[in-house]
Each structure stands twice: as structure tokens, then as C-alpha cells.
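Undergrad: Here is a sequence together with a model predicted from it:
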Amino acid sequence: MFTRKAVVVLGVLCVSAVKVATAQSTISAQYKETADRIIAAATADSAAWDRLALMTDTFGHRLSGSEALERTIDWVLAQMKADGLANAHTEPVMVPHWVRGKESAELISPRPKPLPMLGLGGSVGTPKGGITAPVLVVSSFDDFKAHQDEAKGKIILWDAPFTEYGQTVAYRALGANVASQHGALASLIRTVGPASIASPHTGALRYDSTIAKIPAAALTLEDAAMLHRMQDRGQKVVVHLEMEARTLPDAPSRNVMAELVGREHPEQVVVLGGHIDSWDVGQGAMDDGDGVVVSWQAVKLLQKLGLHPRRTIRVVAWTNEENGTRGGQAYRDARGADVDKHVLAMESDGGTFKPVGFDFVGSDSAFAILQQIMHLLKPVGADSIVKGGGEADVGPLLEKGVPGLGLRTDPTRYFWYHHSQGDTMDKLDPADMARDVAVMAVMAYVVADMPEPLPRGAPPAPR
């Protein structure tokens, strides 16, 4: 039997639930006309693709510490000012400066053959004259453990099949440490990706400061499989590896940003963006020039449409995501106590293919509100939102309890080209990029304009 007090409490809860549901449904109804207008304008042309093509064709890839990165940042800043965006400026960041230098790998036995390769970011170089050594091919960490007594004086090749990125990338990140602990001279990995046309992929490794650093590089899927077959037949596999890779002192770089200033609460901020740096291969088009340009175009579009939300919308091109994440950390540190005035942090760093929706990190109450906003994105097929994820550059903000969104797109082709020479403009479709602009613009505008800011929750647990 309910007590009278319990009945009263239950009634209050029901009324509150109805109010919340009504408020949420009102969000969709209130902003539908504006969202449709944004979507129509965003998908009317190929402005985002054209701007990205101009940037990547002109400046190319943009590794931290490179002249190409700094020239690109200069150009972005000038273009943001030309767009008429408010408060366009840069903020200083000291970034790692790794230089690839000349590099090569060659199969010596059982037959001579050049092996396409890419040194892993942050790798040390080989001794002058290179390393020539037998190769021990293993399929996994467990497989290596069973053969670790054979590792001394050899080059270890981690021929680990691609399952999903977060799992397989462990061989790129940690393989050199494991191999070095057992006396190996170098570490090679099968490229972290599901497909290849003789194309290796680079990416960062993580040296353990307590373990001797050995050179590390990626081979193609095809060559890794071939060397594995040779070993399985009992053939002696010998490889010659030469790498000039070196790490120089940290270099100055910058985050670059601009704003659409809020009309009522300019101190409250919705931030969105991508990372302006890339690896030193391909053009850095889908990783992550497109994330920068799509976010930038979203803000420019809102300005063009005369839409000025209650809160400020700030677009940021973060530097040094690929081999340090210094840009995201510096952005958070430069804000100081104003981090708490961030209402939402959004990033696009998964390739601007066909948009699907968002990943979300934050409170259940914020998630419920964002679910209502997602209804506005049905016209572009991007109305899905799921919990989990969190992009690297906004990670420092998410750690402070700021709600976070990561743009989700069709993942089918992303890891075909990721961190490779194949990351070029032709992989991106102008219509898909236009839809991504629409998705980012609608979400940024509605969250920035709602009467109340998104509810915050406890910071997510460290990953």
C-alpha cells in the first residue's frame, strides 16, 4: 500500500517527467524550420570540399614541427579573417618535432625484393649502414611469448590481422617495447588496416623509457603475409632495414580559432573542430583536414544565414593530435577557469564520409536532450546517437566534465587510407562533406541557442 507521502512524491516525479519530455519535444519542434534551412543551405554546394582541396593541394601533409603545418595555419587564420568570423587568432603550443629522413627495407633472403615501408612516428633510426638480421614472424603477443627465447638478435615482425582499430593498434604502439625486452634489434608491424594495395600505414608508437629503444616501421599487408608464409615453409627470412628517423627539440606551433559570438551569453561556448596537423604522407585530407574544414564551414554557414545563437560557437583547428595531443591540452590550459563555461565540445576526426550521427560522452540528462535534437538530422540520415567514444583533442575538456560529441560517419573505407599515402582528396565526396557540414552546424546552433545549457555530469573515468 502506498502511503500518502509516497503518492505525493510519485505525483511530483510524474509531473517532472512530463515537463522534461515536453521540453525536449519542444526543442525539435522549435528548431525544425531553422534546422531545415541550415541543411538546405549546407547541401546546396561543394564549398567544404573545394576549400579542403585548395588547402591540401597547396600545402600538402602537415606533420608537427614542419614548415608546411605552420604555413597552413597562417593560411587558415587569414581565411577565417576574410570570412568575417570574430576573434580569429592563434594560441601558441610547443609540439614534438620528429623527422622521418630517408628509409628503406629490403628482403635479402630467400630472394632480393624491396619492401615498401613507413617508419612509425617517433621511432629512432637504425645505426649507420642499417640493420641486416633474420626475421621472426609472430601473429600476436601470445604467439611471441611462445617464441620469445628466439628473439635475440632478430627483427620481429608482428603479422597481426586487423580486427578493429582500437585492438590491433596495440602492436604499433607497444610492439617495439615487447620485442626490445627480449633482445630484438628492430620491430616491424603488419600495417594496421583491413585492406591494402602495397601501401604501408604509419602512426605513433609509445616507447617505454625503461626499455632500450629500437627502430620500428610498418610493412604492407601483402609483404607481411608473404614473409609469414616463407617462415612457415622453413625458409630463412632475412631483411635489411635502414632508417634516418630522429627526434629534434620541441618546436613552436599554434592552435587557430575563430567565433560566432553569442548574443546573450557570449561567455558560454560550444566548441567544435578537428586537428590541423597530419602525418607526413598523403595529403592529410581525411585525417583530419576534412574535420577542420567541415567545422569551419559550419560556423561560416551559420554566419552567412544570419543565425546568431544565445551562446558563442567557437571553431578550433587543434595542432599536434597525431603525435602528442599537445593542442587539445594547451587549449584547455589556456582557458583556465573558463573551461567550466564550455557547454559542449564537438570534434570530427573519423573522416567526413556519409554522416551517421554522433558518439556522446556526458550525463544521461544531456544525452536525453541531444536525442531530441537528433530528430532534426533525419533529412540527412544522421539521427543516431550512441554513448561512448570521445575524440582526442576535446578529451582534455571532457575530463573536466564538458559534454562531448564525436561526428560518426560511414566507417567502411576510413582505415583503407588511414595514415597512408592514400589519404588524398579523391577519397572524399563533396556531397558527403556538405551533409557533414549540415550535421555539425545544426547541432552546434541548437545547443548554443537553447534557453538552458546542456546539463553537465561527473567527468568520465580515465581510459
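TA: Structure's in. What do you need?

Undergrad: ok, which stretches of the stretch 251-400 of the chain are strands?
TA: Along the stretch 251-400 of the chain, counting by DSSP state E, counting those that start in this stretch, strands occupy 265-275, 311-318, 342-347, 355-361, 384-387.

Undergrad: Pairing partners for the shortest one, with directions?
TA: Meaning strand 384-387. strand 355-361 (parallel) (DSSP bridges).

Undergrad: The partner strand to strand 342-347, inter-axis angle?
TA: Relative orientation of strand 355-361 and strand 342-347, computed by axes from the mean of the first three to the mean of the last three Cα atoms, to 10 degrees: 130 degrees.

Undergrad: Can you read off the pLDDT for residue 389?
TA: Here the pLDDT value assigned to residue 389 is 86.

Undergrad: Count residues in the vicinity of it, would you?
TA: Residues lying near residue 389 (other Cβ atoms under 10 Å) number 16. The way it works is simple: take the backbone N, C-alpha and C, and place the C-beta from them, glycine included.

Undergrad: again with residue 378
TA: Neighbourhood size, residue 378 [other Cβ under 10 Å]: 12.

Undergrad: and what of residue 233?
TA: Residues lying near residue 233 (other Cβ under 10 Å) number 9.

Undergrad: how close does it sit to residue 388?
TA: 44 Å (Cβ to Cβ, to the nearest Å).

Undergrad: Quick check: mean pLDDT of stretch 270-281?
TA: Confidence for stretch 270-281, expressed as mean pLDDT, is 98.

Undergrad: would you put the C-alpha positions of it in CSV?
TA: What follows is stretch 270-281, C-alpha atoms only, in CSV (Å, rounded to 0.1, in the frame of the first residue of the first chain):
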residue,chain,number,x,y,z
VAL,A,270,30.1,25.5,-27.8
VAL,A,271,33.4,24.5,-29.3
LEU,A,272,33.8,22.4,-32.5
GLY,A,273,36.7,21.5,-34.7
GLY,A,274,39.3,19.0,-35.9
HIS,A,275,43.1,18.7,-35.9
ILE,A,276,45.1,20.7,-38.5
ASP,A,277,48.3,18.5,-38.3
SER,A,278,48.6,15.2,-40.1
TRP,A,279,51.2,12.5,-40.7
ASP,A,280,53.9,13.2,-43.3
VAL,A,281,52.3,11.1,-46.0
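
Undergrad: Report the distance from that stretch to the chain centre.
TA: Stretch 270-281 sits 7 Å away from the centroid of its parent chain (Cα atoms, centre = their mean, to the nearest Å).

Undergrad: what would the strands of the stretch 251-400 of the chain look like in CSV with mean neighbour count?
TA: Formatted as CSV, the strands of the stretch 251-400 of the chain follow (neighbours: other Cβ atoms under 10 Å):
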stretch, mean neighbour count
strand 265-275, 23
strand 311-318, 28
strand 342-347, 28
strand 355-361, 23
strand 384-387, 14
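
Undergrad: So which residue is smack in the middle of the chain?
TA: residue 349 (3.6 Å; Cα atoms, centre = their mean).

Undergrad: what's the spacing between that one and residue 111?
TA: Distance, residue 349 to residue 111, using Cβ to Cβ: 41 Å.

Undergrad: quick one on the thing from earlier: quick one, what contacts the residue nearest to the centre of the chain?
TA: 274, 275, 287, 288, 291, 321, 391, 392, 393, 406, 407 (Cβ atoms under 8 Å, 6 or more residues apart in numbering).

Undergrad: count of neighbours near the fourth one?
TA: Using other Cβ under 10 Å, residue 288 has 32 neighbouring residues.

Undergrad: Find me the pLDDT at it, would you?
TA: On the pLDDT scale, residue 288 is placed at 98.

Undergrad: Thought residue 321 was touching it, still the case?
TA: Yes. The criterion here is Cβ atoms under 8 Å, and residue 288 meets it with residue 321 at 6.9 Å.

Undergrad: shared neighbours, the two?
TA: If you check residue 288 and residue 321 against Cβ under 8 Å, 6+ apart, the residues they both contact are 275, 349.

Undergrad: so is the closest residue to residue 247 other than its chain neighbours in a helix, a strand, or just coil?
TA: Once flanking residues are discounted, residue 247 sits nearest to residue 98: 5.1 Å by Cβ to Cβ, 6 or more residues apart in numbering. Here residue 98 is recorded as strand under DSSP: H, G, I helix; E, B strand; the rest coil.

Undergrad: wouldn't residue 98 be in contact with residue 119 here?
TA: No. Judged on Cβ under 8 Å, residue 98 makes no contact with residue 119 at a distance of 9.2 Å.

Undergrad: So which of these two has more stuff around it?
TA: Each of residue 98 and residue 119 has its neighbours counted (other Cβ under 10 Å); residue 119 has more, 27 against 24.

Undergrad: Now that we have the strands of the stretch 251-400 of the chain, can you turn them into TSV and tack on distance to residue 40?
TA: Output for those, formatted as TSV (distance: least, Cβ to Cβ, whole Å):
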stretch	distance to residue 40
strand 265-275	20
strand 311-318	20
strand 342-347	21
strand 355-361	16
strand 384-387	21
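
Undergrad: Out of these, which is closest to residue 71?
TA: Nearest of the strands of the stretch 251-400 of the chain to residue 71, taken as Cβ to Cβ: strand 311-318 at 13.4 Å.

Undergrad: Spatially nearest residue to residue 384, not counting backbone neighbours?
TA: Computed as Cβ to Cβ, 6+ apart, the closest residue to residue 384 that is not its neighbour in sequence is residue 357, at 3.3 Å.

Undergrad: After the helix or strand of the chain at the bottom of the mean pLDDT ranking, which helix or strand is next? Please name it.
TA: Sorting the helices and strands of the chain by mean pLDDT, DSSP states H and E puts helix 4-42 at the bottom, at a mean of 66. Sequence-wise, the next helix or strand downstream of helix 4-42 (DSSP states H and E) is helix 47-59.

Undergrad: Now that next one - C-alpha only, PDB.
TA: Output in PDB follows, covering the C-alpha atoms of helix 47-59 (Å, rounded to 0.1, in the frame of the first residue of the first chain):
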ATOM      1  CA  ALA A  47      32.100  24.700 -50.700                       C
ATOM      2  CA  ALA A  48      33.600  22.500 -48.000                       C
ATOM      3  CA  TRP A  49      35.200  20.100 -50.400                       C
ATOM      4  CA  ASP A  50      36.500  22.900 -52.600                       C
ATOM      5  CA  ARG A  51      38.100  24.700 -49.600                       C
ATOM      6  CA  LEU A  52      39.700  21.500 -48.400                       C
ATOM      7  CA  ALA A  53      41.100  20.700 -51.800                       C
ATOM      8  CA  LEU A  54      42.600  24.200 -52.000                       C
ATOM      9  CA  MET A  55      44.200  23.700 -48.600                       C
ATOM     10  CA  THR A  56      45.600  20.200 -49.100                       C
ATOM     11  CA  ASP A  57      46.700  20.700 -52.700                       C
ATOM     12  CA  THR A  58      48.500  23.900 -51.800                       C
ATOM     13  CA  PHE A  59      50.200  22.800 -48.600                       C
END
